[in-house]
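Enquirer: sequence first, then the predicted structure, then my questions.
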Amino acid sequence: MLEWIRSAGYLGEAAGFLWFLQLLGSAFLLWRRKWMGAGCLLTIAFLTYLAGGTRWPANRLADLEKPYVCKSLRDVPACDVVIVLGGGLEPSAHGAFGLDLSSAGDRLITGMHLVRMGKAKALFTGGGFETVNGQRKLFGDLLRGWMEAWGFTNATIVTPGPAANTREEALEFQRLARTNGWKTALLVSSAFHLRRAEAVFRNAGVPVVCVGCDFRAWGVSDSQRRWLWIPHRNRLEQLDVYLHEVFGWYVYAWRGWIHDDTGEKLESNAPPQPKPGPE
């Protein structure tokens, strides 16, 4: 009963409310003997519940995250540079330091902590740019301004130009690695994204040790994995992330951005061998 009462609040959110309307619409069509319409709407309601109320999205996302788990950041080897992929922040005209941390903000925290631990003497920050109030804001510059203002580290902070995707980040890093003499690198990103990111960097000829963070399914609280009576947006977000990575892998393979070290294209359904990351 307590779980029912707790779940009833989800009806006041978009996912739960739309699902409830689907059920009401199905009941109305059944009452009017509109069997085909009722069947179609019930099918949509079932799929909505499958995506937003079951464990399926979390389990699929956990499959992507699990290979990048390790016990401690202390187990991560020292390298020349830490690479923090973009996606951890967005520009904000009214936020402190002109930025707003996103749901992937763990990437920034993990990268900065690795540098503070002495795992590398340089920090490479990826990411794109946005225009705010007519001014172009590079994500890397925003992060560097924040770190320098707070005195997080004395390490060299490298902020390249805007990158539209992971492929462009890898190519820009490859260029800077030759200039700065970097031979080894720690690649920090959300654990669910590392399968694709590692393959892209390997294709660009950049050997990396992956450090996962921003775990959204593997190792999270039990409440995030239980079945729900009413669909919730968190499950839909997990499904969104999972589908983005799955389709992203196929798109990158189709465009030739995912190859092995010898130039032979990887099978699109065979992920590269993962490296350990933090739990």
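Expert: Yep, it's here.
Enquirer: end-to-end on stretch 186-196?
Expert: 15 Å (CA to CA, to the nearest Å).
Enquirer: how about the most centrally placed residue in the chain, nearest residue that isn't a chain neighbour?
Expert: Centroid check for the chain by CA atoms, centre = their mean gives Ser190 as the closest residue, at 4.5 Å. Of all residues not flanking Ser190 in the chain, Asp214 sits nearest, at 3.8 Å (CB to CB, 6 or more residues apart in numbering). Backbone N, C-alpha and C define where each C-beta goes, glycine included.
Enquirer: show the pLDDT at the one you found.
Expert: Looking at Asp214, its pLDDT stands at 92.
Enquirer: and it, how far is that from Asn203?
Expert: The gap separating Asp214 from Asn203 is 23 Å, by CB to CB, to the nearest Å.
Enquirer: and for Trp218?
Expert: On the measure of CB to CB, Trp218 and Asn203 end up 26 Å apart.
Enquirer: what of Lys66?
Expert: Counting by CB to CB - Lys66 and Asn203 are separated by 23 Å.
Enquirer: so those two - more neighbours on which side?
Expert: Neighbour comparison, Lys66 and Asn203: the larger count goes to Asn203, with 22 against 16 (by other CB atoms under 10 Å).
Enquirer: packing partners for the host helix or strand of Gln238?
Expert: Using DSSP states H and E, Gln238 sits within helix 233-254. For helix 233-254, the elements it packs on are helix 14-31, helix 35-53, helix 56-65, helix 191-203, judged by 3 or more CB pairs under 8 Å, 6 or more residues apart in numbering; DSSP states H and E.
Enquirer: now those helices in JSON lines, with distance to Gly95?
Expert: JSON lines is the format used below for those (distance: least, CB to CB, whole Å):
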{"stretch": "helix 14-31", "distance to Gly95": "25"}
{"stretch": "helix 35-53", "distance to Gly95": "31"}
{"stretch": "helix 56-65", "distance to Gly95": "28"}
{"stretch": "helix 191-203", "distance to Gly95": "24"}
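Enquirer: need these in CSV with mean pLDDT and distance to Met112, can you?
Expert: Listed next are the helices and strands packed on helix 233-254 as CSV, based on pLDDT from 0 to 100; distance: least, CB to CB, whole Å:
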stretch, mean pLDDT, distance to Met112
helix 14-31, 92, 34
helix 35-53, 93, 34
helix 56-65, 92, 21
helix 191-203, 94, 18
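Enquirer: nearest to Gly118, of the ones you listed?
Expert: helix 191-203 (22.6 Å; CB to CB).
Enquirer: give the other helices and strands that that closest one contacts.
Expert: Using 3+ CB pairs under 8 Å, 6+ apart: helix 191-203 touches helix 56-65, helix 166-180, strand 185-190, strand 208-213, helix 233-254.
Enquirer: just name the most buried of the ones you listed.
Expert: Ranked by mean neighbour count, these are led by strand 185-190 with a mean of 28 (mean count of other CB atoms under 10 Å).
Enquirer: pairing partners for that strand, with directions?
Expert: With DSSP bridges as the test, strand 185-190 is paired with strand 81-84 (parallel), strand 208-213 (parallel).
Enquirer: how about the contacts made by Ser103?
Expert: Asp214 (CB atoms under 8 Å, 6 or more residues apart in numbering).
Enquirer: would JSON lines of the helices and strands packed on helix 191-203 with distance to His113 be doable?
Expert: Formatted as JSON lines, those follow (distance: least, CB to CB, whole Å):
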{"stretch": "helix 56-65", "distance to His113": "19"}
{"stretch": "helix 166-180", "distance to His113": "20"}
{"stretch": "strand 185-190", "distance to His113": "10"}
{"stretch": "strand 208-213", "distance to His113": "10"}
{"stretch": "helix 233-254", "distance to His113": "23"}
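Enquirer: alright, I will stop here.
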